[in-house]
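Dropping the sequence and predicted coords here.
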Amino acid sequence: MEATLKKVQKLALLHDKVDPRLVKERNIKLGLRNADGTGVAVGITSKGQVIGYEKITHGDGTEVVNPVPGKLFYCGYDVEDLVREKEQDSRFGFEETVYLLLTGELPTKHDLKAFSQLLGKRRALPDEMKEMIRNRPCHDDQMGSLHTIVSAMHLFDKNPNSTDLNDVTRQCIDLIAKFPTIIAYNYLTATTEKKVKNRFREPDQNMSVAENFLYLLTGGMPDRATAELFDTMLVFHAEHGGGNNSTFSTRCVSSSGANTYMALCAGIGSLSGHLHGGANEAVVRMMQDLKQKVKNWQSDEEVEAYLELVLDKKAGDRQGKIYGMGHAVYTVSDPRAVFLEKRAGELAEAASREEEFELYKRIARIAPGLVRGKKGKVVCTNVDFYSGFVYQCMGIPADLFTPIFAMARVAGWCAHRIEEIVQGKIIRPSFVTSLKGKRTVIPLSKR
């Protein structure tokens, strides 16, 4: 068996590698990226807009891509304004964000209250689903568990395969409400004794999404400041345009006419990949390695020397990446990271982790110049650089970082699913062949 596996791998490597000259000759957009690194426009959306650069066309027709400070818009509203407004009112904002993404409009007070109540009423899981979570084989794959349970949720839907907007909207709201409950129960099942598993706390209908999740996780009412910051994290992660991998995956599957459960499982599967959803965990692992290897955290020279080794694939995970640096769109700044740097400082002080936070800031100051010098890229700290540290200060374990991302991003996935169904055209890009012509079949006896 081992020999067969090795042969399959060897032949796959032989035939699946792409000749860079062919890519250039055929003008292939690998990764759906243009030659300048920008994304290929393959769809249109009113949900999210991500701005990190501007294209300027000169008189001779040539285009230049200029980096600009990052901006993120939800249905035309600057997410920084949404967060600022909800903080001024000392209220929670994720429910409002979900409503905005699904409808394209900000809710009135009456609409927001009714929608929040609807989410609260739909949080509880069927008893059969709770038993499924309790009795699953013991493992620590939280994203795999989320995928399994969301897939199985179709069993409790009387009309699971409907693509009628009435059913799809109902399913989307139901799953947005249930994601925090599923994620909390999955984690508790993996980390607590059996007698505790048999006493899952029931979700509280009257709490905000942020409060309820922290309550399910810990059993206690979270302090207001922590719950409000967690709520802001959910707002920041709720949407990021149609081109991010998990949202695009959701739209692709939705465009085929697949049901809501399968479409959202596509998003979960995509987000489970380490190149998409695991970045903040990678930052935490990198920081752990750095803290062991660098004796003087206050020394720019020692920190810079370590980061150079990382870029040269001689330190960290040997992948040549300073995690938390760079983004597919943002260049000068990620607005979410700018906000989190301020909040992380406050949390660090409260958690007596100021020295560690200063190390983060030192890396944020040094790393962009190193990357630009070695790779010629303009990069900035992204939201993942600080989000893991913020979660750690809240007492949230690393195993939940990516599931929490999914808990927030399901709002965007659902908004894009509905939009894809309304637009109603199957996504079907083309691939060109890397082969040079027809091959002749040789009889099996002569191979």
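Looks like it arrived, so ask away.

going forward, measure contacts between C-alpha atoms and count neighbours the same way
Noted.

Quick check: which ranges of this protein have low pLDDT?
Under the criterion pLDDT under 70, the flagged ranges of the chain are 194-198.

All the strands of it, residue numbers only.
Applying DSSP state E to the chain gives strands spanning 48-57, 63-74, 77-78.

Of all the residues in the first one, which ones are buried?
Using 16 or more other Cα atoms under 10 Å as the test for burial, strand 48-57 gives 48-53.

from what I can see P160 touches S151, true?
No. Using Cα atoms under 8 Å as the test, P160 is too far from S151 to be in contact (10.8 Å).

Now for the two: what residues contact both?
Y261 (Cα atoms under 8 Å, 6 or more residues apart in numbering).

For the nearest residue to H58 once chain neighbours are set aside, name its beta-bridge partners.
In this structure, H58 finds its nearest non-sequential neighbour in V64, 7.9 Å apart by Cα to Cα, 6 or more residues apart in numbering. On the basis of DSSP bridges, V64 is bridged to I56.

show me what contacts V64?
With Cα under 8 Å, 6+ apart, V64 has these contacts: 55-58.

Tell me the one of those nearest D111?
Of all the contacts of V64, D111 sits closest to K55, with 39.2 Å by Cα to Cα.

Identify each buried residue in stretch 326-343, please.
326-327, 329-337, 339-341.

ok, now which ones touch the residue minimising distance to the centre of the chain?
Taking Cα atoms, centre = their mean, the centroid of the chain lies closest to G277, which sits 4.5 Å from it. Neighbour list for G277: 271, 402, 405 [criterion: Cα under 8 Å, 6+ apart].

what about the residue lying closest to the last one once chain neighbours are set aside, how many residues close to it?
So that's F405. Spatial nearest neighbour of F405, excluding adjacent residues (Cα to Cα, 6+ apart): H237 at 6.3 Å. H237 is flanked by 20 other residues according to other Cα atoms under 10 Å.

still on that earlier bit, export the strands of the chain as a markdown table, with columns for distance to H15.
Formatted as a markdown table, the strands of the chain follow (distance: least, Cα to Cα, whole Å):
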| stretch | distance to H15 |
| --- | --- |
| strand 48-57 | 37 |
| strand 63-74 | 35 |
| strand 77-78 | 46 |
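
Any idea which of these gets closest to K446?
K446 lies closest to strand 63-74 among these, at 55.7 Å (Cα to Cα).

Pretty sure T97 sits against V235.
Yes. Using Cα under 8 Å, T97 is in contact with V235, at 6.5 Å.

between these two, who's got more neighbours?
Neighbour count, other Cα under 10 Å: between T97 and V235, T97 has more, with 29 against 25.

In helices, which of the buried residues of stretch 326-343 appear?
If you go by DSSP state H, those have 335-337, 339-341 in helices.

Excluding chain neighbours, what is closest to T402?
In space, T402 is closest to G277, 5.6 Å off (Cα to Cα, 6+ apart).

Please report how far the one you found lies from D384.
According to Cα to Cα, to the nearest Å, G277 stands 9 Å off from D384.

Spatially, and excluding backbone neighbours, which residue is closest to M286.
G316 (5.8 Å).

residues near that neighbour, how many?
23.

Tell me how far it lies from E304.
Taking Cα to Cα, one finds G316 at 14 Å from E304.

Which residue ranges make up each domain of this protein?
72-277+400-423, 280-394 (automatic domain parsing).

Wait, the residue nearest to M286 touches Q288, no?
No. Applying Cα under 8 Å as the test, G316 and Q288 come out as separate, 9.2 Å apart.

What is the neighbour count of R285?
R285 has 15 nearby residues by other Cα under 10 Å.

In contact with D204, which residues?
Neighbours of D204 in contact, by Cα under 8 Å, 6+ apart: 120, 212.

Next up, phi/psi of it, please.
Dihedral pair for D204: phi -90, psi 120, per degrees, to the nearest 10.

A367 and K361, how far apart?
Counting by Cα to Cα - A367 and K361 are separated by 10 Å.

Those two: which is more packed in?
A367 (24 against 14).

What about H110, how many residues nearby?
As a measure of burial, H110 has 8 neighbours, counting by other Cα under 10 Å.

Revised request: answer the last question for D19.
D19, neighbours per other Cα under 10 Å, totals 9.

Look up how far I28 lies from it.
Computed with Cα to Cα, the distance linking D19 and I28 is 11 Å.

again, but for I396
Distance from I396 to I28, by Cα to Cα: 43 Å.

Tell me where the longest helix sits in the protein.
Using DSSP H, we find that the single longest helix of the chain is helix 165-191.

Mind listing what's buried along that one?
Quick answer for helix 165-191 (16+ other Cα under 10 Å): 168-169, 171-190.

and it, what other elements does it pack with?
Here helix 165-191 touches helix 109-121, helix 127-135, helix 142-152, helix 209-218, helix 260-271, helix 401-423, going by 3 or more Cα pairs under 8 Å, 6 or more residues apart in numbering; DSSP states H and E.

Return the closest of the contacts of V64 with respect to H110.
Looking across the contacts of V64 and measuring by Cα to Cα, the closest to H110 is K55, at 41.8 Å.

Correct me if wrong: that closest one contacts N66.
Yes. Using Cα under 8 Å, K55 makes contact with N66 at a distance of 6.3 Å.

OK, contacts around the closest residue to I363 other than its chain neighbours?
With Cα to Cα, 6+ apart as the criterion, I363 has its nearest non-adjacent residue at 7.2 Å, and that residue is V303. By Cα under 8 Å, 6+ apart, V303 lies in contact with 294, 297, 363.

can you count the residues close to the second one?
Read it as W297. A total of 19 residues lie near W297 under the criterion other Cα under 10 Å.

OK, contacts around it?
So W297 contacts 291, 303, 359 (Cα under 8 Å, 6+ apart).

ok, now how distant is the closest residue to the last one other than its chain neighbours from Y306?
Yep, that's L359 we're talking about. Among residues not flanking L359 along the chain, W297 sits closest, at 6.1 Å (Cα to Cα, 6+ apart). Plainly put, W297 is 11 Å away from Y306 if you go by Cα to Cα.
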